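Visitor: predicted model follows, preceded by the sequence.
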Amino acid sequence: MFNQLIQWSNKNYSYLPWRAKRSAYNTLVSEIMLQQTTVSTVQNHFSRFISKYPTIQALAKISEDDILRDWKGLGYYRRARNLLRAAKTITTEFEGNIPRDFDLLKSIHGIGDYTANALLGIGLNQRAIALDANLERVLSRFYGIKEYKGPKLQQEIYRRFTKNEICNEIDTVGGRAYNEALMDLGRSVCKARSASCEICALNIECVALNEGNALGYPLMKEVVSQKQFDLKLLRVLVETEKSILVYKKSAKEWLSGQYELPTFVLSSEEENFKQYPHVKYDEFYLLPSFRTAITKYKIENYVIIMSEKEFKVFKDKPYESLSLEGVNMSTACEKTIAKLEE
């Protein structure tokens, strides 16, 4: 049964860029990229990233600015910093060899339970399960585990796994094939809102299917939707002799470590919004604009070009005059420049 699943997985998902060479290093990069990001998005970045940094030693030599620039398009830039810090730690403390021990892996900054298990199970082909949302869902349905989705379900799956009560096929087929096949099944057949049980290689023994309740697993708590806030920002392009004025985002700001154009709050639906200083500009609605979103904010970005003399009225912090070439600038600021060039 699991052999059939693995054959199906290999046939249908061999196009994934990391399948051809699933080293522990490739796994470290791809699994950190995949955190809170879809496979389709990672596919567009993974091969290019690995070609540029083919070994963990090559990655460990670069700067934070380098990795943030090469991470652009993947979002959640803290992951990029974690990956770089992990690469430096593994290079200096483990002679460039990714540890084969769960506790040692967990001692490395940026590597949590999931990534440690992914490195062991997928990268190193050991007996470990990388319990992402797909495995959590597939295993809860297959074994009929009645726990609410989230930490309790994950703990119960790990408890049963360590006691050899479930997933024993992993000892026969290997950690890499087992984890990847279940991930593929969850992505394409055993989905959160639909289950194509008639084509599933595991359907004969699936508890949820035999109960006639495939979509009833995992148990779900009622989700309270997060309120969205409207936010209007003014993005200012100040041209100088050297190029444009920018500032580097601090650790307490969105997209920390990236460079950003001078940005100000025109209005905010959320009281006490403090990411940017507030400014009054009555005729902003006449300016070109574009929309973005981040966390709980729906943002309307208004853009304007100013001279240095005009900008002195707004100037609120130290700015640098930098050339655009090689600057790790936020995507919103790149869109600002593109909007003004239309």
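Guide: Nice, I can see it. Numbers count the residues shown, from 1 in each chain.

Visitor: number of nearby residues for P151?
Guide: 9 (other C-beta atoms under 10 Å). Where C-beta positions appear, they are placed from N, C-alpha and C, glycine not excepted.

Visitor: over to V223?
Guide: V223 has 6 nearby residues by other C-beta under 10 Å.

Visitor: which SSE is it in?
Guide: V223 is part of no helix or strand, with elements assigned from DSSP states H and E.

Visitor: got the phi and psi for it?
Guide: The phi/psi pair for V223 (degrees, to the nearest 10) reads phi -100, psi 130.

Visitor: okay, it: pLDDT?
Guide: Per-residue confidence at V223 stands at 70 (pLDDT).

Visitor: run through the residues that contact N117.
Guide: 102, 128-131 (C-beta atoms under 8 Å, 6 or more residues apart in numbering).

Visitor: now, those that are in helices?
Guide: Among these, the members found in helices (DSSP state H) are F102.

Visitor: and the contacts of N117, which is closest to T41?
Guide: A130 (18.7 Å; C-beta to C-beta).

Visitor: what about the closest residue to that closest one other than its chain neighbours, neighbour count?
Guide: With C-beta to C-beta, 6 or more residues apart in numbering as the criterion, A130 has its nearest non-adjacent residue at 3.8 Å, and that residue is A118. Using other C-beta under 10 Å, A118 has 28 neighbouring residues.

Visitor: need the helices for the stretch 201-342 of the chain, in chain order.
Guide: With DSSP state H, counting those that start in this stretch as the criterion, the stretch 201-342 of the chain has helices at 207-210, 308-311, 331-340.

Visitor: mind giving me the packing neighbours of the longest one?
Guide: Meaning helix 331-340. strand 229-238, strand 259-260, strand 289-294, strand 297-306 (3 or more C-beta pairs under 8 Å, 6 or more residues apart in numbering; DSSP states H and E).

Visitor: how does it look with 10 Å?
Guide: strand 229-238, strand 244-248, strand 259-260, strand 263-268, strand 289-294, strand 297-306 (3 or more C-beta pairs under 10 Å, 6 or more residues apart in numbering; DSSP states H and E).

Visitor: out of these, flag the one nearest L215.
Guide: strand 289-294 (29.2 Å).

Visitor: got a list of contacts for the closest one?
Guide: With contacts defined as C-beta atoms under 10 Å, 6 or more residues apart in numbering, strand 289-294 is touched by 75, 228, 231-235, 254-255, 275, 298-303, 330-332, 335-336, 338-339, 342.

Visitor: repeat that for stretch 266-275.
Guide: So stretch 266-275 is contacted by 227-234, 249, 252-254, 263, 265, 276, 278-282, 284-285, 287, 294, 296-302 (C-beta under 10 Å, 6+ apart).

Visitor: go with 6 Å
Guide: 229-232, 234, 284 (C-beta atoms under 6 Å, 6 or more residues apart in numbering).

Visitor: what of stretch 55-67?
Guide: Residues outside stretch 55-67 that contact it (C-beta under 6 Å, 6+ apart) are 25, 53, 80, 84, 87-88, 90-91, 96, 257, 328.

Visitor: what does the nearest residue to H109 once chain neighbours are set aside show for phi and psi?
Guide: Nearest residue to H109 in three dimensions, chain neighbours excluded: R85, at 5.0 Å (C-beta to C-beta, 6+ apart). The phi/psi pair for R85 (degrees, to the nearest 10) reads phi -60, psi -40.

Visitor: let's see the pLDDT reported for R85.
Guide: At R85, pLDDT is 95.

Visitor: that one is in contact with I108, isn't it?
Guide: No. Using C-beta atoms under 6 Å, R85 is not in contact with I108; the gap is 8.2 Å.

Visitor: can you put the contacts of stretch 266-275 in TSV and add distance to V42, pLDDT and neighbour count?
Guide: Shown next, in TSV, are the contacts of stretch 266-275 (distance: C-beta to C-beta, whole Å; pLDDT from 0 to 100; neighbours: other C-beta atoms under 10 Å):
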residue	distance to V42	pLDDT	neighbour count
F229	29	95	15
D230	31	95	12
L231	29	95	23
K232	33	96	19
L234	34	94	23
F284	37	88	19
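
Visitor: K149: which of these is nearest?
Guide: Of the contacts of stretch 266-275, the one sitting nearest to K149 (C-beta to C-beta) turns out to be F229, at 27.2 Å.

Visitor: can you pull the contacts of the closest one?
Guide: 269-270, 296-297.
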